[in-house]
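Asker: Below are the sequence and a predicted model for it; my questions follow.
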Amino acid sequence: MKIEQLLGNEELLKLQKTAFLCSRKIPASAVLKCYDWAISQRETGNCVISGFHSQIEKDVLHYLLKGQQPIILALARGLKEKLEPEFEKPLEQGRLLIISLFDKTTKRVTEQTAELRNKMMIELADTIIVGCASAGGQLEKLLAMTNKPINKIT
């Protein structure tokens, strides 16, 4: 897979990376465990790659942005013209990289673009952390196709 667009510190791609993936529907019992995991990654300085698309993934990003560790944001669409304000400082600090398989004409996330993005993240990551994978869902099917280490939070 070829990264079509990127913004930020390309050197982050050379680091050991942990992909964080989570289904949109997650049991309440798993939410705090995901937050605790994010805080532990922040404290240990691990590079996390994620789409940060589902609500729980956005929450994880919120915790990670408060730290100094490297973050790779993998989009399931092209880059926006205007960045979210919370990305400006981490970009300036060289600890954020935003990547996409898609050019700027891809403006909406679809099931197909999300699946391609998730495949890219799995390909780039050294280890995979799953907050929750819905039984029979797209994420569960995708994870079944990799031979990389997968750790489940729940």
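Answerer: Arrived safely.

Asker: residues of the single longest helix found in the chain that come out buried?
Answerer: Assignment by DSSP state H gives helix 28-44 as the longest helix of the chain. By 16 or more other Cβ atoms under 10 Å, the buried positions in helix 28-44 come out as 30-31, 33-35, 37-38, 41-42. Glycine gets a C-beta too; all of them are placed from N, C-alpha and C.

Asker: Farthest pair within the residues you listed?
Answerer: Largest separation among the buried residues of helix 28-44 by Cβ to Cβ: 30 and 42, giving 18.6 Å.

Asker: Let's check: the centremost residue of the protein is which one?
Answerer: The residue lying closest to the centre of the chain (Cα atoms, centre = their mean) is residue 50, at 0.3 Å.

Asker: immediately after the longest helix of the chain, which helix or strand?
Answerer: strand 47-50 (DSSP states H and E).

Asker: all helices in the protein, in order from the N-terminus.
Answerer: Under DSSP H, the chain gives helices at 28-44, 55-65, 88-92, 111-124, 138-143.

Asker: These into TSV, with extra columns for mean pLDDT?
Answerer: TSV is the format used below for the helices of the chain (pLDDT from 0 to 100):
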stretch	mean pLDDT
helix 28-44	95
helix 55-65	95
helix 88-92	96
helix 111-124	95
helix 138-143	91
